[in-house]
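[1] let's see this in three dimensions:
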Amino acid sequence: MRSRVWGGTAVVVLGGLLAAGCGSGVKDASDGGSGKAASGGYPVSVTDCTGAETTFSEAPKKIVTSNASSLELLLRLGAGDKVIGTGFPPGKGALPGALDAQAQKVSVLGKGVIPKEKLLGSGADLYIDTFAAMGGMGGGGMGDAPTEEEFKAAGIKHIYLKSTACAAQRKGPVTDLSAVEADITSLGAVTGTSARAKELVAGMKEKADAVRKAVGGTPEGKRPSYFFFDYEAGTKQPTVICNRQVANAVITLAGARNVFADCDGDRKQVGWEDVIAKNPDWIQLGIRNRGSAAANKKAFDEAQQWLESNPATKGLKAVKEGHFLRIGSERTTIAGVENADTVEAIAKTLYPGKVG
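    Reported below is the predicted structural model:
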């Protein structure tokens, strides 16, 4: 089985997108906890999946991120200069444009999960955790994670990206990007970049709303069926996208039907006979960014050739008709600003002429 990678570096993604009902989790602590959205002033409080609050009297000065997704969000918010270290770093070329150069300057505290001692001794005043389970959701974070008491003793505030950490709280399928947008809003309030967060969220909403207006009225039965082929996860037994993964929201917003939306959870392994039974109209080739256009093309070619030559898949409708989408895996399955770009890209392919 191939490991999941982000530009050549392994990335673990736990859970799917949480329920929109959790909201942004941002409060202006000066309003008595009414839940009024923070306007960029302090103090600001954010909540975790259990409702527990962490309050900030000022913007953090030294931030450590658990992985590339939280790092990328901070870079997009303009708070990258506050990041002093990360775990699961993005591979060179994995992030777009100037973000890549900024990301490569961030100290790597762990190629995977940051060792406990290194994290506690990092000098950080904030740790942003993409992965961890909390409270009644199965214990601490990934690996030998510090306890909340140890974080406190080290002077490190510990907050979570709820769009990934709160997946176990999800009551039903994820069909929109509200939780990702809530994380962006929350991080903006904490880091004093609320204005930029508002711009990013507005941009995402504009793209998703335009697609919804163009294709959202398509009856369920007329929407093309769609299979995300996770080539990186291995081909012996396919790993599929279920209804609580952010990719389910991306696919749904784009006007398609995720063929495994009937599976509760984020991902699961199935047999090729299950994929054959679904016989999708379209297949997205799930390739992680290799760092260059040439390397990405080679990987996409390999995934397509496997489907076209494998006895179990070459008879699929999408394969016979050449209905493949070459859209990066990270921007589809990892919560971030580019989820909205992927919604647009999928819709343009599936509904030519309808989406501008």
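
[2] just checking, what packs against the lengthiest helix in the chain?
    Counting residues, the longest helix found in the chain (DSSP state H) is helix 194-215. Contacts defined by 3 or more CB pairs under 8 Å, 6 or more residues apart in numbering; DSSP states H and E place helix 194-215 against helix 68-77, helix 178-191, helix 246-253, helix 338-350. Every C-beta, even on glycine, is put in place using the N, C-alpha and C of the backbone.

[3] what about the third one, average pLDDT?
    To tie it back to what came earlier, the one meant is helix 246-253. For helix 246-253, mean pLDDT is 94.

[4] that older thread, what angle do the longest helix of the chain and helix 246-253 make?
    50 degrees (axes from the mean of the first three to the mean of the last three CA atoms, to 10 degrees).

[5] distance from helix 194-215 to the middle of the chain?
    16 Å (CA atoms, centre = their mean, to the nearest Å).

[6] list the buried residues in that helix.
    194, 196-197, 200-201, 204-205, 207-208, 210-212, 214-215 (16 or more other CB atoms under 10 Å).

[7] between that helix and helix 178-191, how big is the angle?
    170 degrees.

[8] next structured bit after helix 194-215?
    Where DSSP states H and E defines the elements, the next helix or strand beyond helix 194-215 is strand 225-229.

[9] where do the helices sit along this structure?
    68-77, 97-104, 116-120, 148-153, 162-165, 178-191, 194-215, 246-253, 272-278, 293-309, 317-320, 330-333, 338-350.

[10] adding pLDDT, write the buried residues of helix 194-215 out as TSV.
    Below are the buried residues of helix 194-215 laid out as TSV (pLDDT from 0 to 100):
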residue	pLDDT
Ser194	96
Arg196	97
Ala197	97
Leu200	98
Val201	98
Met204	97
Lys205	97
Lys207	96
Ala208	96
Ala210	96
Val211	97
Arg212	95
Ala214	95
Val215	94
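
[11] what's around Lys354, how many residues?
    A count of neighbours around Lys354, defined by other CB atoms under 10 Å, yields 14.

[12] picking up where we left off before, who touches the longest helix of the chain?
    38-40, 76-78, 176-177, 180-181, 184-185, 187-189, 253-255, 337, 339-341, 343-344, 347, 350-351, 354-356 (CB atoms under 8 Å, 6 or more residues apart in numbering).

[13] Thr235 and Gln305 touch, don't they?
    No: contact criterion CB atoms under 8 Å: Thr235 and Gln305 do not qualify, at 11.4 Å.

[14] between the two, which one's more packed in?
    Comparing Thr235 with Gln305 by other CB under 10 Å, the one with more neighbours is Thr235, at 19 against 10.

[15] for the more buried one, which non-adjacent residue is spatially closest?
    Leaving aside its chain neighbours, Thr235 sits nearest to Trp306 (6.0 Å; criterion: CB to CB, 6 or more residues apart in numbering).

[16] in contact with the one you found, which residues?
    Trp306 neighbours (CB under 8 Å, 6+ apart): Tyr231, Thr235, Thr313.

[17] from Gly271, how far off is it?
    To Gly271, Trp306 is 16 Å away according to CB to CB, to the nearest Å.

[18] next: Lys157.
    Taken as CB to CB, the span from Lys157 to Gly271 is 45 Å.

[19] the more surrounded of those two?
    Shown here are Lys157 and Gly271; by other CB under 10 Å, Lys157 has more neighbours (18 against 11).

[20] give me the distance between the two termini of stretch 61-71.
    15 Å (CA to CA, to the nearest Å).

[21] which of the residues in that stretch are buried?
    Ile63, Val64, Thr65, Ser66, Asn67, Ala68, Ser69, Ser70, Leu71.
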